[in-house]
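Participant: Need a 3D model of the following:
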Amino acid sequence: MFDVSRAGAALRAIRERRPLIHAITNTVVQNFTANGLLALGASPVMADAPEEAGEVAGKADALLINLGTLSDRTLRVMEAALRAANAAGVPAVLDPVGVGATVFRTEAVERLLSAGRFAVIRGNVAEVANLIGRPLPIKGVDAEAVPTEVAVAVARAAAERFETVVAATGPEDVVTDGRRTLIVANGDPLMARVTGSGCLLGAIVAAFAAVEQEAFRAAADALVAFGVAGEIARERLAALGPVRSGRYGIALLDALDGLDEGALAARARVREAEEMAAEGGGSA
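Facilitator: Below is the predicted model of the structure:
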């Protein structure tokens, strides 16, 4: 089901086409997200003025909506951008940061899901669980460690309910459209200690969606690419001495900038969820 050569071709397409990614994201991570997209090869734009957000979204190659620093104003901007993207056939990615933490945030996600269609919903496992009313322990925006089979069940339920692709991140990442499910084991624990790494992942999903016709494949390829970059970043820092989170954030951007098809082919660790039962891990 996972074709690493296709993932490499998508990465190459991003570098060649430099898709315009309209990222309506939170103020904490705008700079990191923009630099991450540039490192990958995409072109970021962060237009969030009510007067132009819809127009920009309609001209972009993909749209990211991230709820990190939410307000009533930004919510209206997000709704307008989503409608414009849908009308223009531009794929949209939702990152429902902190959904379930407050009533306002939860209702905002419900409004967005009613306002239009998302090609991919990308959140940590706890956020995805809250989307479908199956709350898991949540601390800030960080998902608690949960068994992979639980993450699979939660992601599948969300994909079926919202009729879209869901990418649920955790110790192992899950990508599903409700019928097909992949588990991505790439990544590094230190990624969770860099503010904005998850938000950047949402933007990278959007970049892959901009150059791939199928959202399921785009999400899987994005998770692998980002996870491989995270592994490379740690290895490069470890060769120089102790690995610290501050330096790691910069190393992650450098790893994205140098990421190539060979690294993806050599490092991708992806399996189908159904294989878990055969391995004794249980099934969702």
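Participant: Point out where the stretch 1-150 of the chain drops to low pLDDT.
Facilitator: 137-144 (pLDDT under 70).
Participant: in it, which spans are strands?
Facilitator: Ranges of strands within the stretch 1-150 of the chain are 20-24, 43-45, 62-66, 92-95, 120-124, 138-139, 142-143, based on DSSP state E, counting those that start in this stretch.
Participant: how about those in TSV, adding distance to residue 33 and mean neighbour count?
Facilitator: C-beta: built from backbone N, CA, C; applies to glycine. Below are these laid out as TSV (distance: least, CB to CB, whole Å; neighbours: other CB atoms under 10 Å):
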stretch	distance to residue 33	mean neighbour count
strand 20-24	6	26
strand 43-45	7	19
strand 62-66	8	29
strand 92-95	10	30
strand 120-124	13	29
strand 138-139	22	14
strand 142-143	18	20
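Participant: Out of those strands, which gets nearest to residue 84?
Facilitator: Nearest of these to residue 84, taken as CB to CB: strand 62-66 at 8.4 Å.
Participant: Which elements pack onto the closest one?
Facilitator: Where contact means 3 or more CB pairs under 8 Å, 6 or more residues apart in numbering; DSSP states H and E, strand 62-66 is packed against strand 20-24, helix 72-88, strand 92-95, helix 197-211.
Participant: related to what we said a few turns ago, for the strands of the stretch 1-150 of the chain, which one sits closest to residue 168?
Facilitator: Evaluated with CB to CB, these place strand 120-124 nearest to residue 168, the distance being 6.5 Å.
Participant: starting at the chain centroid, how far to stretch 3-18?
Facilitator: Computed by CA atoms, centre = their mean, to the nearest Å, the chain-centroid distance of stretch 3-18 equals 17 Å.
Participant: again, but for stretch 151-169
Facilitator: 13 Å.
Participant: what residues does that stretch touch?
Facilitator: 113, 117-125, 128-129, 131-132, 134, 136, 143, 170, 172-178, 181, 183, 198, 201, 205, 215-216, 219, 222-223, 273, 276, 284 (CB atoms under 8 Å, 6 or more residues apart in numbering).
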